[in-house]
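Student: Next come a sequence and a model predicted from it.
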Amino acid sequence: MKMKSITPNKFVNKKIFYLTGFMGSGKSTIGPILANTLGWEFYDLDKVIEDKSGKLVKEIFEIYGEDYFRNLETESLLELSVKENVIIALGGGTIASDGNIAILKKTGIIVYLKMSPESAMKRLKFKRNRPVLFSDLKENFTNEDLLNRITELYEKRRKYYDQSDIIIDTDDIPIGRTIDNLARIVQQETKRQYEKD
């Protein structure tokens with residue numbers, strides 16, 4: 001786990017923890033358990049978009065294209081960003097936008113669940129509901145093709161992921177330990193904020 005050097009007031013009154021990371025990093029699995037542990041609310045940004053549009057993310061991509069989806073994503077992010085005491089799991093590409101990262105930094109604390117491209121490949125190779133990942137792959141793609149595609153996407157997003165406030169390596173780490181670490185961080189930070197209010 002790595003927490004960046006921060007100024008004393010950087011996190012004051014920020015009561016949203018955004019979970020970011022590549023597809024398959026565990027955001028949607030860890031998020032609700034963490035929120036339940038803390039007694040906070042949990043939102044999965046992709047699910048919020050699906051509920052709002054009445055369509056699956058995959059369908060939105062297929063029918064309207066990625067630009068339309070990204071606009072919905074930013075709109076939904078803005079709506080959630082006014083809440084307090086919430087854990088929000090972002091989509092894998094939500095952070096890869098200067099506009100979105102500005103919203104995230106202004107309104108909450110960004111936690112990056114980091115994993116290697118190789119781990120991502122193992123977790124994603126049997127999942128086909130990831131349009132950004134699979135749309136550019138030929139039908140009979142190999143593991144090497146998938147790893148190359150993951151690495152390409154990962155490298156495009158790395159500069160955004162690296163701007164996160166907290167970085168937690170999830171490779172070969174049990175989910176329970178990651179949740180315990182995150183719960184401790186959130187409790188320490190919210191206690192510090194309360195003491196300053």
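Tutor: Alright, I've got the coordinates.
Student: Poorly predicted segments of the protein, please.
Tutor: In the predicted model, the chain carries pLDDT under 70 at residues 1-14, 125-141, 193-197.
Student: quick one: the strands in it?
Tutor: With strands called from DSSP state E, the chain shows them at 2-3, 16-20, 41-44, 86-89, 109-114, 166-169.
Student: can you map out the helices along this structure?
Tutor: Under the criterion DSSP state H, helices of the chain are mapped to 27-38, 45-53, 57-64, 66-80, 98-107, 117-124, 131-134, 143-161, 175-196.
Student: hmm, back to that, for the strands of the chain, which one sits closest to residue 152?
Tutor: Closest to residue 152 of the strands of the chain, according to CB to CB: strand 109-114, at 17.4 Å. Heads up, the C-betas are built off the backbone N, CA and C, glycines and all.
Student: sorry, back to before: turn the helices of the chain into a markdown table, including distance to residue 86.
Tutor: Below are those laid out as a markdown table (distance: least, CB to CB, whole Å):
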| stretch | distance to residue 86 |
| --- | --- |
| helix 27-38 | 7 |
| helix 45-53 | 11 |
| helix 57-64 | 21 |
| helix 66-80 | 7 |
| helix 98-107 | 10 |
| helix 117-124 | 25 |
| helix 131-134 | 25 |
| helix 143-161 | 21 |
| helix 175-196 | 11 |
